[in-house]
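**Q** my questions concern the predicted model and sequence given below.
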Amino acid sequence: MSEALQKLSGHRLRNMLTTMAGSPVRGIVASTAITALVQSSSAVTVMIVSFVNAGMLHLTQAIAMVMGANIGTTVTAWLVVLFGISFDIDLAAVPLIAFAAPLLLLRSERLRNLGNTLIGLALMLLAIHILRDAVTHFSTLSSFENYITLLRGHGHWSPLLFVLAGAAMTAVLQSSSATTALAIILCSTGVIPFKCAMALILGDNVGTTLTANIAATMTNTDGKRAALSHLLFNLVGVLWALPLLAVLARGIASLVAAFGGVSPLLNGSPSQAVALALFHTLFNVVNTLLLAGFIPQAAHALDRLIPGDRHASPLEGSALVSTSEMGLYQARENLALCMKRGGELTARVKTYFGEVNADNAQELFLLVRQRSDEEQTAYKQLEQQLARLTQQELSQEGRLLVQAMNQLLTQLRAATWLSVTAAQVIRRKKERNIWFTQPMREDLGVYF
């Protein structure tokens with residue numbers, strides 16, 4: 001469903017990223033919308049980390065967008081509540097597949113993507129139905145009852161244990177949405193009380209940061225800082241919310257009661273699912289409101305926590321976002337960066353041509369050769385990234401973009417080879433003390 005949604009609106013997502021990431025507020029709004037659309041905070045945060053690594057986003061912009069991703073991912077909880085708990089899934093999912101399947105046979109790419117999206121939604125709903133039935137079954141097992149009793153039997157420490165359990169589950173599943181759905185189902189079926197489910201949701205907010213931090217091991221310093229900001233942001237949220245869990249539970253219960261619902265604090269209450277989705281959303285919104293004003297200070301603190309130069313190889317970490325429509329954006333930016341560096345290489349060869357000092361000329365020649373080797377490595381990485389993209393089910397626009405980038409990369413390789421060849425010829429010219437006339441030098445300037 002996520003990939004089909006990206007194909008439906010891939011270029012719009014890329015435009016939203018570039019036009020709305022300028023200020024913290026716009027960055028939060030943009031990443032909230034993107035995460036809600038693609039239904040994966042992990043995918044969006046990894047995308048943000050990779051864009052910081054490529055120099056397409058500043059660290060302060062990335063921190064704001066990480067906050068927005070946390071809000072956007074709460075949409076999944078509402079989907080679970082609205083479709084997975086309140087209705088008979090079989091009545092909704094099977095007809096949805098029956099309606100969407102014929103769309104896959106149509107010539108219109110937009111309608112085919114719509115069909116894939118609807119089928120993905122139907123399969124997600126069926127998965128929730130299977131999960132709910134499975135929870136009902138294994139909740140009666142003595143081993144599971146003993147495990148829940150163990151977690152609940154530590155008094156004031158029990159919420160912390162449920163937080164750790166939620167973080168561990170999300171780290172293993174690599175999906176906060178799955179853990180949130182599980183917490184809602186466990187609570188709505190009476191397996192765990194409302195406050196324990198709230199603690200599980202707090203834990204999944206921490207566990208979901210593992211994906212981006214693993215990916216950040218391949219990136220430069222700023223990429224690692226952006227990933228760490230995700231972890232620290234969610235940890236701060238847990239640190240202030242966990243001691244107030246009882247107060248927050250009563251507050252959510254009061255909100256539900258104000259709209260005519262049964263208190264979610266009562267086991268088996270029909271409003272527990274809605275209350276948990278409401279808590280998930282309000283917690284992330286409030287946490288963002290509390291911390292959004294400290295983004296510059298957070299960026300400064302991250303600079304101190306992870307010291308070092310932010311620059312890296314232009315394509316270091318380029319494999320982070322290598323699939324579907326969002327990978328096209330990074331590939332295009334990587335190509336633009338390679339072309340810029342290729343132009344700088346040619347400019348150095350031109351400078352080398354005009355250098356009369358022997359020591360300076362030797363230093364320039366060695367620098368040209370070093371940069372040429374670096375560029376060849378970058379071109380190979382970009383070629384591999386484009387090859388991975390060609391294996392994906394891209395939109396027509398995306399396929400044309402990959403084709404154009406491959407053609408430009410071929411031309412860029414040729415230009416780099418010509419620059420290095422020119423440097424070698426110039427070196428032989430200098431060694432033999434061959435001098436060109438001024439008209440010759442002017443002609444060569446045009447060629448450069």
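**A** Good, I have the coordinates.

**Q** ok, Ala212 touching Val44?
**A** No - between Ala212 and Val44 no contact is recorded; they are 9.3 Å apart, counting by Cβ atoms under 8 Å. Placement of C-beta: from N, CA and C, glycine included.

**Q** poorly predicted segments of the stretch 301-448 of the chain, please.
**A** For the stretch 301-448 of the chain, the stretches with pLDDT under 70 are 309-326.

**Q** one more time with 80
**A** Applying pLDDT under 80 to the stretch 301-448 of the chain picks out residues 308-330, 333, 392-396.

**Q** state the helix or strand in which the closest residue to Ala197 other than its chain neighbours lies.
**A** For Ala197, ignoring the flanking residues on the chain, the nearest one in space by Cβ to Cβ, 6 or more residues apart in numbering is Cys187 at 3.7 Å. Applying DSSP states H and E as the criterion places Cys187 in helix 176-188.

**Q** cool, Thr35 as well?
**A** Per DSSP H and E: helix 24-38 holds Thr35.

**Q** with just CA atoms, put that helix into CSV.
**A** Output in CSV follows, covering the C-alpha atoms of helix 24-38 (Å, rounded to 0.1, in the frame of the first residue of the first chain):
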residue,chain,number,x,y,z
PRO,A,24,10.3,24.2,11.4
VAL,A,25,6.5,24.6,11.2
ARG,A,26,6.3,23.8,7.5
GLY,A,27,8.7,20.9,8.0
ILE,A,28,6.5,19.4,10.7
VAL,A,29,3.4,19.8,8.5
ALA,A,30,5.1,18.4,5.5
SER,A,31,6.5,15.3,7.2
THR,A,32,3.1,14.7,9.0
ALA,A,33,1.3,14.7,5.7
ILE,A,34,3.9,12.5,4.0
THR,A,35,3.9,9.9,6.9
ALA,A,36,0.2,9.9,7.0
LEU,A,37,0.1,9.2,3.3
VAL,A,38,2.8,6.5,3.0
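
**Q** list the buried ones in it?
**A** Buried residues in helix 24-38, counting neighbours by 16 or more other Cβ atoms under 10 Å, are found at 24, 26-38.

**Q** then stretch 419-436?
**A** Buried, per 16+ other Cβ under 10 Å, within stretch 419-436: 419-420, 422-423, 426-427, 430.

**Q** what pLDDT does Phe144 get?
**A** Looking at Phe144, its pLDDT stands at 67.

**Q** that older thread, using JSON lines, please lay out the buried residues of helix 24-38 together with distance to Thr208.
**A** Formatted as JSON lines, the buried residues of helix 24-38 follow (distance: Cβ to Cβ, whole Å):
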{"residue": "Pro24", "distance to Thr208": "21"}
{"residue": "Arg26", "distance to Thr208": "23"}
{"residue": "Gly27", "distance to Thr208": "19"}
{"residue": "Ile28", "distance to Thr208": "17"}
{"residue": "Val29", "distance to Thr208": "20"}
{"residue": "Ala30", "distance to Thr208": "19"}
{"residue": "Ser31", "distance to Thr208": "14"}
{"residue": "Thr32", "distance to Thr208": "15"}
{"residue": "Ala33", "distance to Thr208": "19"}
{"residue": "Ile34", "distance to Thr208": "16"}
{"residue": "Thr35", "distance to Thr208": "11"}
{"residue": "Ala36", "distance to Thr208": "15"}
{"residue": "Leu37", "distance to Thr208": "18"}
{"residue": "Val38", "distance to Thr208": "14"}
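
**Q** closest to Asn116 among those residues?
**A** Of all those, Val38 has the smallest distance to Asn116: 13.2 Å, by Cβ to Cβ.

**Q** Ala299 sits in which helix or strand?
**A** Here Ala299, judged by DSSP H and E, is contained in helix 295-305.

**Q** give the buried residues for that helix.
**A** The neighbour-count check on helix 295-305 (16+ other Cβ under 10 Å) flags 295, 298-299, 302 as buried.

**Q** tell me the one of the residues you listed nearest Val247?
**A** Ala298 (26.1 Å).

**Q** re the thing from before, for the residue nearest to Ala197, give its distance to Thr208.
**A** As for Cys187, its distance to Thr208 is 19 Å (criterion: Cβ to Cβ, to the nearest Å).

**Q** just Ala215 next, same as before
**A** 13 Å.

**Q** before we move on, back to that, tell me the helix or strand right after the helix holding Cys187.
**A** With DSSP H and E, the next secondary element past helix 176-188 is helix 194-207.

**Q** what's that next one packed up against?
**A** Helices and strands touching helix 194-207, by 3 or more Cβ pairs under 8 Å, 6 or more residues apart in numbering; DSSP states H and E, are helix 158-173, helix 176-188, helix 221-241, helix 245-258, helix 272-291.
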